[in-house]
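In: Predicted structure and sequence below. I'll ask about it afterward.
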Amino acid sequence: MTDDARIVMRAHGLGYRLATEDRWVLDGVSLELAHGDLCAVLGPNGVGKSTLLRMLAGAQPPSAGEVEHLGRVGYVPQAVHPALPLSALEMVLLGRAGGISLLGAPRRRDYDAALAALARVEATHLAKRPFPALSGGERQLVLMARALAAEADILILDEPTAALDWHNQALLMGVLAELAADGITVLVSTHAPQHALDFASHVLLIFDGSRHGFGPPAQVMDEAALSALYRLPVCRVPLAAVAGGMAAIPVFRPPTREADHP
């Protein structure tokens, strides 16, 4: 059990019910995260990961249970569609809104923080480009920079690597790991189990609305659990190039039968 003095986010019995369909999307989700924890959320499409993150971020009230935060929360959704044609830099500056008065303008330190956040995700070259004109992956980098500029104590990110190539996935997950090492609590959903194996201190597996698994990746992410999660065989194999490293390998094709190759 996590030391209570270090806990910054706690969810107990969290659930969400779709009244129009009279069904529960999620039910009974509980977790505790401390300063510097990095938790990956894994689960199949449509299982309720985005709904869960919105509830944890305070962007959507739960139908059951409760969420407790100790600190400022930064939330990065899958997509943002601004009403105004903002530049990438202006989008990042929105993350500084909490420190800017209602009638005030961004100050030098706000611009410095925004530019530093863009630099940290290797996106300085996007600063002057219109946000709506960016690719999906570029938008995710800018939204990540906006969350960094907010200087939050807790970061919640909904599939931030979904539109990124491998280099930028490694970059973004590496930045999240650095933030966790600095004491920021990070919760990130992903469709790549390898992100959890390589970077996470905790993992939340959502099998369906009422079946979940939470704990350290080495304990929770065994082959049986991953195979059940993704409904196909998943193998865990050691990574020779990484001390103690493991790889999760999905088996997309069924094993070849000898009878098929006389």
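Out: Now that the structure is in, tell me what you want to look at. Numbering: from 1, shown residues only.

In: quick one: contacts for Ser210?
Out: The contact partners of Ser210, by C-beta atoms under 8 Å, 6 or more residues apart in numbering, come to Trp24, Leu26, Asp27, Gly28. Using the backbone N, CA and C atoms, a C-beta is placed for each residue, glycine as well.

In: Without its sequence neighbours, what residue ends up closest to Glu138?
Out: Residue nearest to Glu138 in three dimensions, not counting chain neighbours: Leu126, with 5.8 Å by C-beta to C-beta, 6 or more residues apart in numbering.

In: correct me, but the one you found touches Gly137?
Out: No: using C-beta atoms under 8 Å as the test, Leu126 is too far from Gly137 to be in contact (10.7 Å).

In: between those two, who's got more neighbours?
Out: Leu126 (24 against 17; other C-beta atoms under 10 Å).

In: hang on, the earlier thing: got a winner among the contacts of Ser210 for most neighbours?
Out: Leu26 leads those on contacts (other C-beta under 10 Å) with 24 neighbours.

In: Make sure I have this right: that residue is in a strand.
Out: Yes: under DSSP: H, G, I helix; E, B strand; the rest coil, Leu26 sits within a strand.

In: What confidence value was assigned to the residue nearest to Ala34 when sequence neighbours are not counted?
Out: Leaving aside its sequence neighbours, Ala34 sits nearest to Arg6 (C-beta to C-beta, 6+ apart; 3.9 Å). In this model, Arg6 is scored at 85, pLDDT.

In: what about Arg6, how many neighbours?
Out: By other C-beta under 10 Å, 15 other residues sit near Arg6.

In: Also Val80?
Out: 15.

In: Okay, it and His191: tell me how far apart.
Out: 20 Å (C-beta to C-beta, to the nearest Å).

In: same thing with Leu134?
Out: 22 Å.

In: Ok, Pro216 next?
Out: Counting by C-beta to C-beta - Pro216 and His191 are separated by 20 Å.

In: And these two? Which one has more around it.
Out: His191 (14 against 11).

In: how close does that one sit to Ala40?
Out: Applying C-beta to C-beta, the value for His191 to Ala40 is 10 Å.

In: go on, Glu122?
Out: Applying C-beta to C-beta to Glu122 and Ala40 gives a distance of 22 Å.
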